[in-house]
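Asker: Let's see this in three dimensions:
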Amino acid sequence: MIHPSLDDLVSIAIEAGAAILPFYDPAGTTARAKEDGSPVTAADEAAEAIILKRLAQKGITAVIAEESVAAGRIPDVAEEFYLVDPLDGTKEFVTGSGEFTVNIARISNGRPVAGVVLAPALGLLYAGDETGAWKATLVDGAVTGKTAIAVATPSGPLRVVASKSHLTDETKAFIDRFDVESFVSSGSSLKFCRLAEGEADLYPRLGRTMEWDTAAGHAVLSAAGGSVSNMDGTPFLYGKADHPSGAYANPYFIAAAAFDPFAVVAPAAS
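Answerer: Residues are numbered from 1 along each chain as shown. This next block holds a predicted model:
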């Protein structure tokens with residue numbers, strides 16, 4: 001299979017982001033609830049339709065996409081497939097914070113090997129693959145200021161980033177096990193990107209997520225030299241069609257910069 005290049009994925013994400021912005025209102029936007037209670041908007045659906053169409057035009061149909069899965073359309077996939085979240089951080093979109101993202105990732109043998117995270121309202125773009133990770137600014141649809149990024153190597157107290165909308169008591173308790181210099185709350189997959197660009201050191205998530213929520217950010221972080229692990233320290237993998245919590249649900253995880261968080265505290269069971 002010939003996969004789209006990283007630049008191809010960037011172009012698709014930019015087109016999807018442009019489709020989202022007409023629906024976005026910093027003063028707030030109305031959403032409706034899906035069967036699982038999570039919010040969805042017309043922007044989610046418009047962006048996903050574009051991403052699926054553009055990937056199909058490049059011969060890619062093995063795509064696990066959030067809204068398609070919610071509608072019961074779950075294709076059979078093998079070792080090579082794509083994970084798509086057309087609008088990650090719908091709560092941030094609805095409240096008008098701007099911290100929502102378009103996420104596209106390619107998975108190979110359980111690992112995210114290429115990914116794009118676009119924050120259209122903020123004009124921020126992150127991407128990564130086997131050649132490394134980079135950050136850029138989006139101005140009138142054009143990519144500008146492309147700059148290589150890499151994770152930090154902390155040697156003292158940690159800069160922790162965690163979910164703005166889903167900070168659980170378990171996550172708080174885990175963070176308390178570390179010597180923390182600062183704590184930043186951030187929305188959507190931008191948390192992975194904060195680590196990837198060296199602005200944070202640790203992102204623990206002891207709460208429910210789905211594979212499409214994390215794969216693109218994970219790809220960028222890995223390309224920048226960081227890691228994502230299960231709570232027992234093993235690698236965090238994708239393609240869990242038969243996960244006990246539901247198809248393509250994630251276990252708890254720890255994302256880290258260039259250090260081993262389990263060398264600081266003992267691994268904890270999820």
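Asker: so how many other residues sit close to residue 46?
Answerer: 17 (other CB atoms under 10 Å). Quick note: C-beta positions are derived from backbone N, CA and C, even for glycine.
Asker: Over to residue 18?
Answerer: Residue neighbour count, defined by other CB under 10 Å, stands at 17 for residue 18.
Asker: Find the nearest non-adjacent residue to it, please.
Answerer: Nearest residue to residue 18 in three dimensions, chain neighbours excluded: residue 141, at 6.5 Å (CB to CB, 6 or more residues apart in numbering).
Asker: tally of neighbours for that neighbour?
Answerer: Neighbours of residue 141 using other CB under 10 Å come to 11.
Asker: ditto for residue 85
Answerer: 32.
Asker: could you measure it against residue 218, distance?
Answerer: With distances taken as CB to CB, to the nearest Å, residue 85 is found 12 Å from residue 218.
Asker: what does residue 249 give?
Answerer: In terms of CB to CB, residue 249 sits 15 Å off from residue 218.
Asker: Please say which of those two ends up with more neighbours.
Answerer: The neighbour count for residue 249 versus residue 218, taken as other CB under 10 Å, is higher for residue 218 (30 against 14).
Asker: Okay, and that one sits in which element?
Answerer: Element membership for residue 218 (DSSP states H and E) is helix 211-223.
Asker: Check which element follows that helix along the chain.
Answerer: strand 227-230.
Asker: can you give me the strands in the protein?
Answerer: Here the chain has its strands, by DSSP state E, at 32-33, 39-40, 63-65, 80-88, 101-108, 111-119, 124-129, 132-139, 142-149, 158-163, 180-186, 202-205, 227-230, 253-256.
Asker: mind showing which ranges of the stretch 151-270 of the chain have poor pLDDT?
Answerer: 164-165, 266-270 (pLDDT under 70).
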